[in-house]
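*Asks:* below: sequence and its predicted model.
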Amino acid sequence: MACSHCHVESSPSRKETMSSQVAERIIQLISRTPTVKLVDITGGAPELHNMFRPLVLALSAMGKKIQDRCNLTVLLEPGQEDLIEFLATHQVDIVASLPCYEEANVRKQRGTGTFEKSIQALQLLNRWGYGQQENGKRKLYLVYNPVEPQLPGKQSTLEQQYKQQLAEKFGIQFDKLYCLTNMPIKRYRHDLIRQGKLDSYTSLLQQSFQAEHVQNVMCLDQIHIGYDGALYDCDFHYAVGLREKYQRNIWQVDNFDSLCNDHIQTAVHCFGCTAGFGSSCQGSLVSE
Ligand code: SF4
Ligand code: SF4
């Protein structure tokens, strides 16, 4: 996949991959850091990596909460027939991008044919107990990004619309919608430049700054680990190559607690997290 909003510029042509040594070191550091509650695994399509399942097994044995940023179509890939069962057995929650409940808008952002496959995959996840809120496990979160260069609306309102439309049209249930602001970096930045809208979009983010979000931005309690073990304050800094202040990697720390209270690097794209209702990997920063 090569989604137009993708801030990590992921696509099947990308060749970077995490080595087994890096994945094993991450497992070791997490085992030394009881304060790590949630491990959020992302790619590309992380499920296709040979260390994905060993990582999940190790984290599950440690009792960590695990989230898989899943592109949905991977669940239908030949050779991945047992993937859903694996995820469900180990209580891996799913976070999946679905920028709209209308086929045309999804096609515009994620490519032809993706919508049908995404719907099929969501129905399959429902059959495995994902998104059935009563069981409290196997959470299914959907992610919305605006298709046009504008800020997301109120998350709770959009979530209601998604729930109603997906249930009526396709019989799909999910737990929560995360509304994310598109970051004007990497592929989305190129897209904005092509449309002649980069300046107006970055101005919109800056003019929509809400100071109260600064205390809730995700970098205050999350870190990002690159495929090569380099450490970053967040996923967006990783995308633009902005390393954490001391430029450390996973072999230069004994556990992840040693990263607490460090100065966080800032950049112009930080306005993407603080604009409007605020934005993070867990959606809006406004508690509703
Ligand atoms: S599925 Fe996710 S990681 Fe892959 S290109 Fe789309 S936004 Fe990027
Ligand atoms: S972009 Fe800036 S504000 Fe947002 S998570 Fe990263 S460092 Fe924090």
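*Replies:* Noted; the coordinates are in hand. Ligands and ions are numbered 1, 2, ... in the order given.

*Asks:* switch to C-alpha atoms for all contacts and neighbour counts from now on
*Replies:* Noted.

*Asks:* would Val39 count as being in a strand?
*Replies:* Yes. Counting by DSSP: H, G, I helix; E, B strand; the rest coil, Val39 is found in a strand.

*Asks:* leaving out sequence neighbours, find the closest residue to it.
*Replies:* Nearest residue to Val39, sequence neighbours excluded (C-alpha to C-alpha, 6 or more residues apart in numbering): Ile66, at 5.0 Å.

*Asks:* distance of the residue of the stretch 101-250 of the chain found nearest ligand 1 relative to Gly272?
*Replies:* Across the stretch 101-250 of the chain, no residue is closer to ligand 1 than Arg110, which sits at 6.4 Å (C-alpha to the nearest ligand atom). Computed as C-alpha to C-alpha, to the nearest Å, the Arg110 to Gly272 distance reads 21 Å.

*Asks:* higher neighbour count, these two?
*Replies:* Gly272 (25 against 21; other C-alpha atoms under 10 Å).

*Asks:* and the more buried one, what is it in contact with?
*Replies:* 181-184, 205, 278-279 (C-alpha atoms under 8 Å, 6 or more residues apart in numbering).

*Asks:* of those, just say which sits nearest to Leu166.
*Replies:* Of all the contacts of Gly272, the one with the least separation from Leu166 (C-alpha to C-alpha) is Thr181, at 21.9 Å.

*Asks:* and for this protein, the residue most distant from the center?
*Replies:* Most distant from the centre of the chain: Gly196, at 27.0 Å, with distances by C-alpha atoms, centre = their mean.

*Asks:* I'd say Asn71 and Glu47 touch.
*Replies:* No. Counting by C-alpha atoms under 8 Å, Asn71 does not reach Glu47; the two are 9.7 Å apart.
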